[in-house]
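Asker: Give me a 3D structure for the following:
(chains A and B)
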Amino acid sequence: MRRFLAVGLCLLMAWFFAPGVFAQDVLKLGIPLPLTGTNAKFGEIEKKSYEIAMEEINAKGGIKGKKVVLEFEDSQGKPEISRSIVEKLIDVKKQPVIFGEYSSSSSKAVAAVAEERKIPYMVVTGATDDITQQKYKYVFRMNPTNAYYAVGFISFLKEVVKPKSIAILYESSDFGTSGAEDMVNQAKKIGMQVLVKEQYEKGAVDFKPILSKVKAAKPDVIYMVSYVMDAALLMRQIKELRIDASLYAGGAAGFAIPEFIQNAKEASELVMTATLWSPQVAYPGAKEYAEKYKKLYKDYPSYHGAEAYSALYIVKDLLERAKTWKPDDIRAAFKTTNMVTAFGPVKFEDKDGYTNQNFMDTLVMQVIKGKHETIWPAKYASAKYVYPIPKWRDRK
Amino acid sequence: MAQLELFLQTLISGFLLGGLYALIALGMALIMGVMRVINLAHGDFMMIAMYIAYWLFTFFGLDPYLSVFVAAPALFLFGLAIQKYLLTPVMKVESILPHNQVILTVGLAMIFSNLATVLFTGNYRSTPVSYASSSWYLTDYWQNSPIELSLSMPWTFSFVIAVMITIALWMFLTKTDTGKSIRATAQDFDAALLMGVNVNWVRMVTFGIGLVLVAAAGCLFIPIYYLYPALGKQFTNVGFVITVIGGMGSTEGAIIGGLILGIFESMTATYIGMGWAPVGRFSIFVVALIFIPGGVASLLRRKRLGK
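Answerer: Okay, the predicted model is just below:
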């Protein structure tokens, strides 16, 4: 009797799970994202953006006639959880293409699983250089890497500021460390001396000790790689200590989202940041997406949102072009991707030691009168940059 | 001169930070002393108080410092309820694990932080008060000063209020009957019971006061820091380390331990590197456990007995 019961149960389970991904006319796509924990903020921006893209795609008939249903899985920002989520998506749900995740550490963990299982994975926001430097065949990345975040910013330094020295502060994560390393390399190239290079633990309360050290070193440029609240605290405490540098700059992430201005208030004024995207940039669909997001959630999205929004369009394009929905055919479709999304042009290339990496222009924004304005390169600029920057003592 | 400026500025930062750390640890030490329970939800209670302060600021424009008067009583009542309906019943249950209540506090911590994520989303929040980055500068008052030091306005406010609260607590513990019964219970539970102290009631009040202290700490922290649901863990750690340095359950120890940790962290940040701060924090914890197992409190006691 018990055996029958067991067999029956197995059958029931099989029946339950069998329909899987391709059932009926619904295409279910699982996306790992940090929806709780310290990175939840970014996870949420991305989730909302994926949803906007999903609704648009479904309104226009879905992907190959199938209605897209996104299933978000909370990775809590922990690589080991992202890993197990993706293992489940691949092994149980047989999803032929994986995309998503937010932080570099989690993306790296997912990339390793995808490569091992030979399922194509598209990194959407993870920016550490080495994810696409490992000759992974199945890992693609739509966002520029850390090393390229600062390209636009460096050209601004070279042409306008001409600084001699720099201080680099960064959070002790994959993202922070690689951002700082790249800045050190770039600084060498344009002849800037690195006076201070310090890491800090994310979530620190008091930055004044290292900032005092920066102050004593008197650098021309202070460059910080931080997430949002650290960024706001850093600028507030720089103002408190009246550290006068010719330029305060952030390496995207925390400095590039509206919360930075809301939290740092007047301490954020005239701070520059490298960024990948801004709501006023002239890519097709960018403005529409940004406005739609603002209408729904009252704020403009950060570049993370634009990346997520465009990611779903890239996946749509892939699935429509792929011969079959087998992982290898999808991988072949990745290789021939060539489209312009709301986030910018996407094309996966092998060059400069990277495999399957998308290369694109990066921008510089500056907070002018409490608003982020694109200031560099000049052809994308929405406002003229403010430089030189007045000393703290002389500001109101 | 630059070196002196760096040193003094670091010392100021460390001292201010230490004062606030001490306030967090005070509540934890008090609870530990009387109830022999490590309250591992301490930081999460602080998070709750910070949300109270945040919402009061957002909806009514109430200054976060004033919200102490709302958050502290609210958490006091909350503490009484938790002690009465959760901790006391658990204490009575026989179990293989000796510290059921500690496990309960871990559970509470998880419930609070997850509940906060559900209710308030994972957004980072802060109360951007107008004086958030205002400071006093030495050169503004003494123009020819060879060195420039700055003293942050909100940090100083927070520190001064923390000191005032500490003094008030000290008065309460030494001058009032309730305070005396709390100290008696902390010193010797059975003796206090025999002397006719209503121990259960003392426990309830102590837990409440512990939460009042951490609620105050939350309100003092929010103008200088920020808020998100998972913030509790970090401050629970800080409180725990300080309580160990200070000597389990000793309030004087917690104050000194807080200052030691604050100054130590700032000095590590300046002279070794800020990335080392967490390493430093836990090495001081281990060192304290090995060399002064009774914490700072045992040193104080030894000195007193020596006289």
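
Asker: is the strand or helix carrying residue B:111 up against chain A anywhere?
Answerer: Assigned by DSSP states H and E, residue B:111 belongs to helix B:100-120. Yes: contact between helix B:100-120 and chain A, assessed by CB under 8 Å from any CB of the partner chain, occurs at B:114, B:117. C-beta: built from backbone N, CA, C; applies to glycine.

Asker: Name the next helix or strand downstream of that helix, please.
Answerer: By DSSP H and E, the next helix or strand past helix B:100-120 is strand B:135-137.

Asker: just to revisit the earlier point, what about the helix holding residue B:111, distance to the chain center?
Answerer: Its chain's C-alpha centre and that of helix B:100-120 lie 18 Å apart, by CA atoms, centre = their mean, to the nearest Å.

Asker: Can you pull out the residues in contact with that helix?
Answerer: Residues from elsewhere that reach helix B:100-120, judged by CB atoms under 8 Å, 6 or more residues apart in numbering or on different chains: A:36, A:40, B:35, B:37-45, B:47-48, B:51, B:82, B:86-87, B:90-91, B:93, B:97, B:229-230, B:232-233, B:236.

Asker: quick one, helices of chain B?
Answerer: Here chain B has its helices, by DSSP state H, at B:2-35, B:42-60, B:68-82, B:88-92, B:100-120, B:138-141, B:153-175, B:177-187, B:189-194, B:199-221, B:232-246, B:251-271, B:277-291, B:295-306.

Asker: let me redo that: the stretch 51-200 of chain A
Answerer: A:79-91, A:104-117, A:146-149, A:151-156, A:174-189 (DSSP state H, counting those that start in this stretch).

Asker: which element is residue A:278 on?
Answerer: Residue A:278 belongs to no helix or strand, assigned by DSSP H and E.

Asker: dump the residue contacts of it.
Answerer: A:256, A:303, A:363, A:365, A:372, A:374, A:382.

Asker: What is the neighbour count of the first one?
Answerer: Think residue A:256. 24 (other CB atoms under 10 Å in any protein chain shown).

Asker: Identify the residue spatially nearest to it, adjacent ones excluded.
Answerer: Counting by CB to CB, 6 or more residues apart in numbering or on different chains, residue A:256 lies nearest to residue A:275, which is 4.2 Å off, once chain neighbours are set aside.

Asker: residues near that neighbour, how many?
Answerer: Here the number of neighbours of residue A:275 (other CB under 10 Å) works out to 25.

Asker: which ones are touching the residue in chain A that chain B sits nearest to?
Answerer: Nearest to chain B, among the residues of chain A, is residue A:40, at 2.4 Å (CB to the nearest CB). Residue A:40 sits next to A:34, A:77, B:117, B:121-123, B:228-230 when contact means CB under 8 Å, 6+ apart.

Asker: Just the buried residues out of these, in PyMOL syntax.
Answerer: To isolate the buried subset of the contacts of residue A:40 in PyMOL, counting by 16 or more other CB atoms under 10 Å in any protein chain shown, use the following:
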select buried, (chain A and resi 34+77) or (chain B and resi 117+121+122+228+229+230)
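
Asker: What helices and strands are in contact with the helix or strand bottoming out on mean pLDDT in chain B?
Answerer: One helix or strand of chain B scores below all others by mean pLDDT, DSSP states H and E: helix B:295-306, with a mean of 74. In this structure, helix B:295-306 makes packing contacts with helix B:232-246, helix B:251-271, judged by 3 or more CB pairs under 8 Å, 6 or more residues apart in numbering or on different chains; DSSP states H and E.

Asker: so can I have TSV of the ones you listed showing distance to chain A?
Answerer: Converted to TSV, the helices and strands packed on helix B:295-306 look like this (distance: least, CB to the nearest CB, whole Å):
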stretch	distance to chain A
helix B:232-246	6
helix B:251-271	4
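
Asker: For the ones you listed, give me JSON lines that also has mean neighbour count.
Answerer: As requested, the helices and strands packed on helix B:295-306 are arranged in JSON lines below (neighbours: other CB atoms under 10 Å in any protein chain shown):
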{"stretch": "helix B:232-246", "mean neighbour count": "25"}
{"stretch": "helix B:251-271", "mean neighbour count": "24"}
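
Asker: Just send these back as CSV, with distance to residue B:9 and mean pLDDT too.
Answerer: Converted to CSV, the helices and strands packed on helix B:295-306 look like this (distance: least, CB to CB, whole Å; pLDDT from 0 to 100):
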stretch, distance to residue B:9, mean pLDDT
helix B:232-246, 22, 91
helix B:251-271, 8, 91
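
Asker: In TSV, list these along with distance to residue A:208.
Answerer: Formatted as TSV, those follow (distance: least, CB to CB, whole Å):
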stretch	distance to residue A:208
helix B:232-246	17
helix B:251-271	8
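
Asker: Look up how far residue B:266 lies from residue B:8.
Answerer: Look at residue B:8 and residue B:266: by CB to CB, to the nearest Å, they are 11 Å apart.

Asker: With the flanking residues excluded, which residue is spatially nearest to residue 189?
Answerer: Just so you know, I chose chain A. For residue A:189, the closest residue by CB to CB, 6+ apart turns out to be residue A:154, at 7.9 Å.

Asker: wrong chain, I was asking about chain B
Answerer: Closest residue in space to residue B:189, ignoring its immediate chain neighbours: residue B:199 at 6.9 Å, by CB to CB, 6+ apart.

Asker: ok, now which ones touch the one you found?
Answerer: B:185, B:189, B:192-193.

Asker: can you pick the most crowded of those?
Answerer: Neighbour max across these (other CB under 10 Å) = residue B:185, 25 neighbours.

Asker: rewinding a little: which residues does the residue nearest to residue A:256 contact?
Answerer: Applying CB under 8 Å, 6+ apart to residue A:275 gives the contacts A:149, A:252, A:256, A:303, A:362-365.

Asker: switch the cut-off to 6 Å
Answerer: A:252, A:256, A:303, A:363, A:365 (CB atoms under 6 Å, 6 or more residues apart in numbering or on different chains).

Asker: who's it bridged to?
Answerer: Beta-bridge partners recorded for residue A:275 (DSSP bridges): residue A:363.
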